[in-house]
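Q: one predicted model, sequence on top.
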Amino acid sequence: MSIEFETERCRLRPFRLADLLAFAAYRADPEIAQYQSWSDYSYDDALALYEDMAGKPFGLHGHWYQIAVADKENDRLLGDVALHFVDRQTVEVGFTMSPGVQRRGYGREVLRGLVDTVFASLAPERIVAVTDAKNIASIRVLEAIGFEREALVRTVEFKGQPGQEYDYVYLRKTWLARQRAA
């Protein structure tokens with residue numbers, strides 16, 4: 001099983017070899033990498049990730065899966081989302097949009113579609129996200145679609161520097177209530 005779906009402007013689908021040059025290019029951008037776990041990103045890194053995902057079944061607990069976000073009209077890569085199957089009840093999400101499409105509502109559109117699809121098809125009890133406390137753009141996206149920040153602010157060492165992270169959660173019962181109200 002994998003997740004494939006469309007939003008108004010995007011198609012979320014498995015990565016293709018043809019995506020990897022664009023994927024590596026935006027991940028190598030220092031502004032994109034600023035709040036991510038990597039500092040440098042190469043085509044070889046992208047290829048290794050692609051080959052790793054191709055070799056394992058979707059949904060294994062403890063594993064991350066990258067999903068391509070492509071323009072629905074021309075299939076151009078716009079970004080990616082990630083799913084981490086923490087356990088049977090928890091799925092962690094992450095998202096990265098390429099610089100050329102940021103601040104145009106794609107992050108909200110894609111994450112809203114991902115939340116709906118994950119709750120509807122995989123039925124976890126909660127979806128979680130972690131973000132750097134300075135990553136205002138991600139915080140705005142998460143809060144705009146219904147994630148709630150948990151009270152705990154975690155102090156971490158990130159890329160050799162002290163920092164803080166916020167944990168966000170979207171509960172299935174909250175999603176169900178919003179679906180009934182809509």
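A: Nice, I can see it.

Q: where does S2 land on pLDDT?
A: As summarised for this prediction, S2 has a pLDDT of 72.

Q: now do the strands in this structure.
A: Counting by DSSP state E, one finds strands in the chain at the ranges 5-6, 10-13, 64-71, 77-85, 90-97, 126-132, 148-158, 161-171.

Q: now these in CSV, with distance to R180 and mean pLDDT?
A: Where you see a C-beta, it was placed from the backbone N, CA and C, and this is true even at glycine. Written out in CSV, the entries for the strands of the chain read as follows (distance: least, Cβ to Cβ, whole Å; pLDDT from 0 to 100):
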stretch, distance to R180, mean pLDDT
strand 5-6, 21, 95
strand 10-13, 25, 96
strand 64-71, 28, 95
strand 77-85, 25, 96
strand 90-97, 22, 95
strand 126-132, 18, 95
strand 148-158, 18, 77
strand 161-171, 14, 90
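
Q: now mean neighbour count too, for these, in CSV please.
A: What follows is the strands of the chain, written out as CSV (neighbours: other Cβ atoms under 10 Å):
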stretch, mean neighbour count
strand 5-6, 14
strand 10-13, 19
strand 64-71, 21
strand 77-85, 21
strand 90-97, 20
strand 126-132, 20
strand 148-158, 11
strand 161-171, 16
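
Q: pipe those into JSON lines and attach distance to R112 per row.
A: Conversion of the strands of the chain to JSON lines gives the following (distance: least, Cβ to Cβ, whole Å):
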{"stretch": "strand 5-6", "distance to R112": "11"}
{"stretch": "strand 10-13", "distance to R112": "11"}
{"stretch": "strand 64-71", "distance to R112": "13"}
{"stretch": "strand 77-85", "distance to R112": "11"}
{"stretch": "strand 90-97", "distance to R112": "11"}
{"stretch": "strand 126-132", "distance to R112": "12"}
{"stretch": "strand 148-158", "distance to R112": "15"}
{"stretch": "strand 161-171", "distance to R112": "10"}
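
Q: figure out which of those strands is closest to E109.
A: Each of the strands of the chain has some distance to E109 by Cβ to Cβ; the shortest is strand 10-13, at 6.5 Å.

Q: list the strands paired with that closest one, with their directions.
A: Partners of strand 10-13 in the sheet, by DSSP bridges, are strand 5-6 (antiparallel), strand 64-71 (antiparallel).
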